[in-house]
Structure formats: structure tokens, C-alpha cells
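Q: can you look at this prediction? I've put the sequence above it.
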Amino acid sequence: MFTFRQIKAATNDFDPVNKLGEGGFGSVFKGVLSDGTLIAVKQLSSKSNQGNREFVNEIGMISALQHPNLVRLYGCCIEGKQLLLVYEYMENNSLAHVLYGKKEDQRMLNWRTRQRICVGIAKGLAFLHEESALKIVHRDIKATNVLLDGDMNAKISDFGMAKLDEEDNTHITTRVAGTMGYMAPEYALYGYLTYKADVYSFGVVALEIVAGMNNMRFRHDEDFVCLLDWALNLQENGDIMELVDPKLGSEFNKKEAVRMIEVALLCTKQSPALRPKMSAVVKMLEGTGGVQELVMDPSTFGDPSRFKGYKHRSDQSSSRNISETQSVVRSSDGPWIDSSSASAQDLYPD
């Protein structure tokens, strides 16, 4: 717990100069603690339905999760009407920001950095799904929710309020929450959620890392509605190397690039049963495990209607990003827990 006095001192009384941005939940400020630690302070809006004590009490459960590839929540402050969350500060903003954001914000990511970022995301998800005491389904894995520290290490962001679901199920059927273009089809269409939904989202992000393009903003020609659609076509025609970001020139490891693309396409299989676990993905990306054979799914590839539902909903909302991103967690042997939080887009708004 932090005192309001500490937060005021750290942000120089919420000086506008330190304001990083403003999202749906309130303003975000850069701050420096008395020991020199850089922080990002989210000042929750009184209009936010997260602005309550229950949120802060429950958030302690998520803050207990610590991993090199997860953004760390340092603590919070509740004094009067003040409700503040204190996170570690990420010097290089988000992956989306540097990969395909505004031209002045983009940075040239060499192949080695891209490979490290992709493996880092995979390791973070493997921890959430398989290694932590609370098994967590993030539900909104995307480039804007992957933050980068000073050394360009990837850290998954977006954790918050948790609510207990009394039913101990292998999956959960729930209100769909996430971002169009990254949601697994079984989740987007039927609300059927397992950790394999995160695996699908990771696959989309991995393709974006290789191509340097946003999945939903990709426009090659009218035959392809998104980057994933184009990648599937290239895979079918044996032209997969066309997917590699031209900005890399010849300065990339071809073997690793092919492997990352193959893993990404494996993760985005239409059937969740055909997607690998994230621990297996880490091994594949690091070259310590073989990539499973890719078999094109005839039910999706070559079917003109394969993305009609997505495109229709995308036209309605190009980024169906709920302001209260929800995750689902469960204890190792216990029930699922539904959790929601401020997104990294709120923490580091564009």
C-alpha cells in the first residue's frame, strides 16, 4: 500500500508534464519513488466501475503473480475518493507502439529482438496457463497489451479484479470480451473459453512480429481481410517468406523466421484441440522442440465465408476492445475465477 502523499511526491503533484496519457479508466502518470524506482500511476476515474474497494482488495491476488515476462503491480493507494494503482514503468511503451504505431514512434526492431520478444510473450503465457498457482486465461493478448522495458524485454500487461466462479469446469462459457482480430473463433462466436483462446491470440501477435503489420489493419488486396488470412494463403502456395517484414532486408535468421511463422499458424488453428500448449510453443520457438506438422484446415482455408462473421463485426467495431478487459483464472485444483482490469492501452495510451 502506498500513501497518497507518496504518490503526490512521486508524480510531482500529478504534474501534467508527467502525464503519460488518458484511457477509459482515468489518467496515467509517470513517477519516481523516493528510492529512485520509476513507476506508472493509474489514477482511476470516479466514473469507472472499477473505482471501488472491492477491486483493490481483489487485485492483491493477481499482484502475487511474479514473472520476468509479466508487468508487475507494485501496489495501490486508497485514501478518501482516491484510488490509484502503481505499476512498474515500461520505458519503451508497447509492442504495437514500436512495431506499427505512428511513424515517429516506430523503432526498427532487428530480428534478434523480435525473436526475444516473441519467446518472452510465450514464456509469460506458459507461466499463466501452466506454472502459476492461479491458472489464468488472459483473454486479451495483443500487441498493445505487450509492454517493453528498457532492454526491450516483453512483459504481458492487463490484470485486475477477480471474482470467484463456483463451478469447477474445464472451460467457461462467458460474455465475450476482447479485441476483434485476436479472439479465437470458438470464443468470439460461442463464448467458449479455455487457455487455448490465448494460444490463438498469441499466434496472431507472432505473425504481427514477423510481418511488422497489424492483423486488422492489413490490406493486401480485397481477397484478404487480415494478416492471418494472407499468411494462410502464402502457406498454401509455398510463399511463406513473403510474410517477413521487408524492413528487415536480409538481416534475419531464415530458419527462425520460418519456425516462428509455422508456430504462429499452428497456434491459430480453428480447432482449439489442434493448438499446442504454450510450454510446447516456447520449446518450438527456442528450437528445442520440433514444430508439429501443419495441416491446412479445409473447413476454413479456401472457404470464401471463412471470415465473413469477423469482417461484419469488425466493420461494426474495428477494435472491439472492452474498457474492462476480463481474464479468467482458477487455482491449481480449484474453480475458475473471472478477472477484469484496466488494459495496457489505458496504462500506455497511444
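A: Received the coordinates, thanks.

Q: in the stretch 51-200 of the chain, which spans are helices?
A: Taking DSSP state H, counting those that start in this stretch to define them, one finds helices in the stretch 51-200 of the chain at 53-63, 95-100, 111-126, 185-190, 196-211.

Q: mind putting those into a markdown table with distance to Val225?
A: Just so you know, the C-beta spots here come from the backbone N, C-alpha and C atoms, and that holds for glycine as well. A markdown table is the format used below for the helices of the stretch 51-200 of the chain (distance: least, C-beta to C-beta, whole Å):
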| stretch | distance to Val225 |
| --- | --- |
| helix 53-63 | 35 |
| helix 95-100 | 17 |
| helix 111-126 | 24 |
| helix 185-190 | 14 |
| helix 196-211 | 13 |
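
Q: export the ones you listed to a markdown table and tack on mean neighbour count and mean pLDDT?
A: Formatted as a markdown table, the helices of the stretch 51-200 of the chain follow (neighbours: other C-beta atoms under 10 Å; pLDDT from 0 to 100):
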| stretch | mean neighbour count | mean pLDDT |
| --- | --- | --- |
| helix 53-63 | 17 | 56 |
| helix 95-100 | 23 | 90 |
| helix 111-126 | 22 | 97 |
| helix 185-190 | 18 | 90 |
| helix 196-211 | 26 | 96 |
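
Q: so which of those helices is nearest Lys30?
A: helix 95-100 (15.1 Å; C-beta to C-beta).

Q: got the contact list for that closest one?
A: 92, 105-107, 109, 117, 142-144, 146-148, 154, 205, 208-209, 212-214, 217, 348, 350 (C-beta atoms under 8 Å, 6 or more residues apart in numbering).

Q: and those, which are buried?
A: Buried residues within the contacts of helix 95-100, defined by neighbour count using 16 or more other C-beta atoms under 10 Å: 92, 109, 117, 142-144, 146-148, 154, 205, 208-209, 212-214, 348.

Q: quick one on the thing from earlier: so which of the helices of the stretch 51-200 of the chain gets nearest Leu227?
A: Closest to Leu227 of those is helix 196-211 (C-beta to C-beta; 5.6 Å).

Q: how much space separates Arg114 from Asn253?
A: Arg114 sits 10 Å away from Asn253, going by C-beta to C-beta, to the nearest Å.

Q: typo on my end, it should be Asp15
A: Taking C-beta to C-beta, one finds Asp15 at 45 Å from Asn253.

Q: for Ser279, see how far away Gly26 is.
A: In this structure, Gly26 and Ser279 are 36 Å apart, going by C-beta to C-beta.

Q: more neighbours, those two?
A: Legend: neighbour count by other C-beta atoms under 10 Å for Gly26 and Ser279, higher for Gly26 (22 against 17).
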